[in-house]
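A.B. asks: mind folding the following:
(chains A and B)
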There are 2 protein chains.
Amino acid sequence: MKPADRISRIAPFHVMAILARARAMQAAGRDIIHMEVGEPDFTSPAPIVAAGIQALHAGKTHYTAATGLPELRAAIAAFYQSRYGVAVDPARIVLTPGASGALQLVTALLANPGQNMLLADPGYPCNRHFLRLLAAEGKLVPAAAADGFQLTPALIDSAWDKSTIAALVASPANPTGAVLSAAQLSDLYAAVKAKQGTLIVDEIYHGLTYGLNAPTALTLGEDVFVINSFSKYFGMTGWRLGWVVAPQWAVPHLDVLAQNLFLAPPTPAQYAALAAFTPETLDILEARRAEFAKRRAVLLAGLNEIGFFVPCVPEGAFYVYADIAAFSHDSMDFCLRLLEDEGVAITPGIDFGEQNANRYVRFAYTTDVARIQEALLRIARFVQKGAAHAV
Amino acid sequence: MKPADRISRIAPFHVMAILARARAMQAAGRDIIHMEVGEPDFTSPAPIVAAGIQALHAGKTHYTAATGLPELRAAIAAFYQSRYGVAVDPARIVLTPGASGALQLVTALLANPGQNMLLADPGYPCNRHFLRLLAAEGKLVPAAAADGFQLTPALIDSAWDKSTIAALVASPANPTGAVLSAAQLSDLYAAVKAKQGTLIVDEIYHGLTYGLNAPTALTLGEDVFVINSFSKYFGMTGWRLGWVVAPQWAVPHLDVLAQNLFLAPPTPAQYAALAAFTPETLDILEARRAEFAKRRAVLLAGLNEIGFFVPCVPEGAFYVYADIAAFSHDSMDFCLRLLEDEGVAITPGIDFGEQNANRYVRFAYTTDVARIQEALLRIARFVQKGAAHAV
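C.D. replies: So this is what the prediction gives:
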């Protein structure tokens, strides 16, 4: 028995080795500061948890429709109206098991074997793996720091080949926190349309922006696929619930795919998410956003002071993508040594693509200000004693 | 924009049209007896629900490891020991988002594009769609009623071709309820091994057997993949939680695949499932099994009396796969007319394969004895007035 060929081309997250080592060190009594995981430290807001508990008390443990609860699809549409002023037909919204499920549905819907989608490098690593599953490809396009590491119309023009069918962008992006403006989104849409392709926009970090609101790609046209999630802004990671807003023609196909691949998204999560858009919950989420903004400011200032270069100042998500060229030319080695020497866990750039990946690391500010300050002290000590140069 | 080619080859469940029509009729005031859905009518057992609620109160809303909670993997291993007397290393158990997730992981692990796995026809329709997603194929092998519609060593010998890598069998099977004996499993294992292939056994209806216990394929050898679920026997459909027991070498690959495709199985479901193996829960589940046994007896006797032929008397699951040749040669038409005329919803054979698919329908006894008796009265009236012959 041996694994299929694709397996050798689906890379593990290198951060998993960091996480495993961090946990082992913790078990041995070391104080570890976790800045490696892409997950808010907050638990789900109390009204969401209460709604989940209420649904369980009421015996809501059966399958829902494959596309999700109609009332939740309607609630999401109402949220687009109230927050963005955008009218979206609830029938265009398909609930999925996390945004992972949404990315899988959309790639499975669109990509034939041998075809490709353009992806910014650096970017979310799973995207190319969803495509590899289908014997399709994610075509990594090196994106410039000056462009917020995002695809641009020029990059789309030059990278698009006869097998390209779509461009998948994220705003705010992981690992950079870069946000696409309405004008940038519109230009990308035009560039993709000029190629008769499809634009897919990952908006899973929407809501987590600082000093601005990220515009949604839903205003561009009904032929854009928009992916979102209850995980990040809504703080529901473990529940596994996301959604896709799709063109009307695509919904019956997504329904059939979802029936076959997932049967349905988790029921308790869907009932819990019905409480995600209430004023009470949104107040909690906005307070959390303010807390993330404080952490971001502390972390950015501290990293700059230590000598990290942050070429793309993040406007969203909860990440800082920092250049470590002054300290190391091996991002995994840098992360492992920082962990061993100082007990600070971060993610190596090699998890996010190939372009200069050894020159970057990602800090997640998913821990509180006091811990971030402690981490900065440790990181400063680490780079000052030259340990970072050991390789 | 147009869908990928695979989309036209991933069939919708025809039963969805039945279900939609049944709901519309119900909304219009008709009394519908639902015997179409593959889901227990019982809600999740109270101790499972209570464990889920307790976990939510305790703030268990974050991601778990991609392979699931270590304590749940250990609890499943302990259950294999206590119920089957089989020792399984918990490290070989990977939790998944439903058995759907397990089927996707195992097919993605093993099947290259162009390769195929042997599947009994009739069988669970999603299996071939998981393979189509990968540009691989499920090779439908017409299985004989005399063999319980299961693959046999002779069928494996004759159907195996140079692109075949595995055989996927189910025991108890859907739609037939057929259970493979230990000897049959052993013979299948030998036949597959002789071809240097892999045996995958779907055991998601384990626990739901009547008058016997289904043997597990785990005793055959560590190179068998066994798929199971908390959905059916444990009554946790909507929670979306299953598992695969895999060879040791496969686990790191399944871990990486799961990280990329799912991130992790739902957290509330995993904590809830920790209560699935307690004596209190097992007492509830055994009482439900006894109730299913009663329903099965009533339904089988009633169908025989009306004139349905059940070539493979089901020993497990909650289905009866019945031959309607005496009444119709179009299973979907039969189902639609039965629904329109008498308000009884069942599933057409065409959902389960190609072999004589228009000659069969599936009855699910996922409704109580009184409703089954009422359904039998209606079905008898339907076939007696000759409505079934209308096509």
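
A.B. asks: and the stretch 251-391 of chain A, which residues reach chain B?
C.D. replies: Applying Cβ under 8 Å from any Cβ of the partner chain, one finds that the stretch 251-391 of chain A approaches chain B through A:252-253, A:255-257, A:259-269. In short, each C-beta sits where N, CA and C put it, glycine included.

A.B. asks: closest to chain B out of those residues?
C.D. replies: Minimum distance to chain B across those is 3.1 Å, recorded for A:Thr267 (Cβ to the nearest Cβ).

A.B. asks: nearest spatial neighbour of that closest one, chain-adjacent residues omitted?
C.D. replies: Spatially, and ignoring its direct neighbours in sequence, A:Thr267 is nearest to B:Gly238 (3.1 Å; Cβ to Cβ, 6 or more residues apart in numbering or on different chains).

A.B. asks: quick one: pLDDT of the one you found?
C.D. replies: What the model reports for B:Gly238 is a pLDDT of 97.

A.B. asks: same question, A:Ala388
C.D. replies: So, for A:Ala388, pLDDT stands at 58.

A.B. asks: repeat that for A:Ala183.
C.D. replies: At A:Ala183, the model reports a pLDDT of 98.

A.B. asks: likewise for A:Val361?
C.D. replies: As summarised for this prediction, A:Val361 has a pLDDT of 98.

A.B. asks: quick revisit: so which of the residues of the stretch 251-391 of chain A next to chain B sit within strands?
C.D. replies: For those, membership in strands holds for none, with DSSP state E as the criterion.

A.B. asks: of those, buried ones?
C.D. replies: The neighbour-count test (16 or more other Cβ atoms under 10 Å in any protein chain shown) marks A:253, A:255-257, A:259-269 as buried among these.

A.B. asks: looking at these, spot the one nearest A:Leu300.
C.D. replies: Each of those was checked against A:Leu300 using Cβ to Cβ; the closest is A:Ala269, at 33.4 Å.

A.B. asks: list the contacts for the closest residue in space to that closest one that isn't next to it in sequence?
C.D. replies: Nearest non-adjacent residue to A:Ala269, counting by Cβ to Cβ, 6+ apart: A:Trp239, 3.7 Å away. Applying Cβ atoms under 8 Å, 6 or more residues apart in numbering or on different chains to A:Trp239 gives the contacts A:44, A:52, A:230-231, A:266, A:268-269, A:272-273, B:61, B:266-268.

A.B. asks: buried residues in stretch A:314-329?
C.D. replies: By neighbour count on 16+ other Cβ under 10 Å, the buried set for stretch A:314-329 is A:314-324, A:327-328.

A.B. asks: so the residue in the stretch 101-250 of chain A that chain B sits nearest to, which state does it fall into?
C.D. replies: Shortest the stretch 101-250 of chain A-to-chain B distance, computed as Cβ to the nearest Cβ: residue-wise this is A:Gly238, at 3.1 Å. State at A:Gly238, reduced to three classes by DSSP: H, G, I helix; E, B strand; the rest coil: helix.

A.B. asks: in this structure it contacts B:Lys60, no?
C.D. replies: Yes - the pair formed by A:Gly238 and B:Lys60 meets the contact definition of Cβ atoms under 8 Å, at 7.0 Å.

A.B. asks: going along the chain, name the helices of chain A.
C.D. replies: Using DSSP state H, the helices of chain A run over A:14-27, A:46-57, A:70-79, A:98-110, A:126-133, A:153-159, A:182-194, A:251-261, A:267-273, A:279-306, A:331-342, A:369-384.

A.B. asks: what residues does the third one touch?
C.D. replies: Okay, so that is helix A:70-79. Outside helix A:70-79, the residues that reach it (Cβ under 8 Å, 6+ apart) are A:67, A:87-91, A:93-95, A:243, A:270, A:273-274, A:276-277.

A.B. asks: just the residues you listed: which are in strands?
C.D. replies: Here DSSP E is the test, and the contacts of helix A:70-79 give A:93-95, A:243 as lying in strands.

A.B. asks: and those residues, which two are furthest apart?
C.D. replies: With distances taken as Cβ to Cβ, the most widely separated pair in the ones in strands among the contacts of helix A:70-79 is A:Ile93 and A:Leu95, at 7.2 Å.

A.B. asks: if you count what's nearby, which of the two comes out ahead?
C.D. replies: Of the pair A:Ile93 and A:Leu95, A:Leu95 is the one with more neighbours under other Cβ atoms under 10 Å in any protein chain shown, namely 29 against 24.

A.B. asks: run a quick neighbour tally on the nearest residue to that one once chain neighbours are set aside.
C.D. replies: If the residues on either side of it in the chain are set aside, A:Leu95 comes closest to A:Gly68, at 2.6 Å by Cβ to Cβ, 6+ apart. By the measure other Cβ under 10 Å, the count of residues near A:Gly68 is 24.

A.B. asks: list the contacts of A:Gly68.
C.D. replies: Taking Cβ under 8 Å, 6+ apart as the definition of contact, the neighbours of A:Gly68 are A:93-96, A:243, A:264-265, A:270.

A.B. asks: go with 10 Å
C.D. replies: With contact set as Cβ atoms under 10 Å, 6 or more residues apart in numbering or on different chains, A:Gly68 has these partners: A:76, A:90, A:93-96, A:241, A:243, A:258, A:264-265, A:267, A:269-270, A:273.

A.B. asks: torsion angles phi and psi at it?
C.D. replies: According to degrees, to the nearest 10, the main-chain angles of A:Gly68 amount to phi 100, psi 170.

A.B. asks: how near is it to chain B?
C.D. replies: Shown here: A:Gly68 relative to chain B, a distance of 12 Å by Cβ to the nearest Cβ, to the nearest Å.

A.B. asks: do A:Ala322 as well
C.D. replies: Taking Cβ to the nearest Cβ as the criterion, A:Ala322 is separated from chain B by 24 Å.

A.B. asks: surely that residue touches A:Leu338?
C.D. replies: No - when contacts are counted by Cβ atoms under 10 Å, A:Ala322 is not listed as touching A:Leu338 (12.0 Å).

A.B. asks: circling back to that earlier point, just the buried ones among the residues of the stretch 251-391 of chain A next to chain B now: which is nearest B:Val344?
C.D. replies: When these are compared against B:Val344 (criterion: Cβ to Cβ), the nearest one is A:Gln259, at 22.6 Å.
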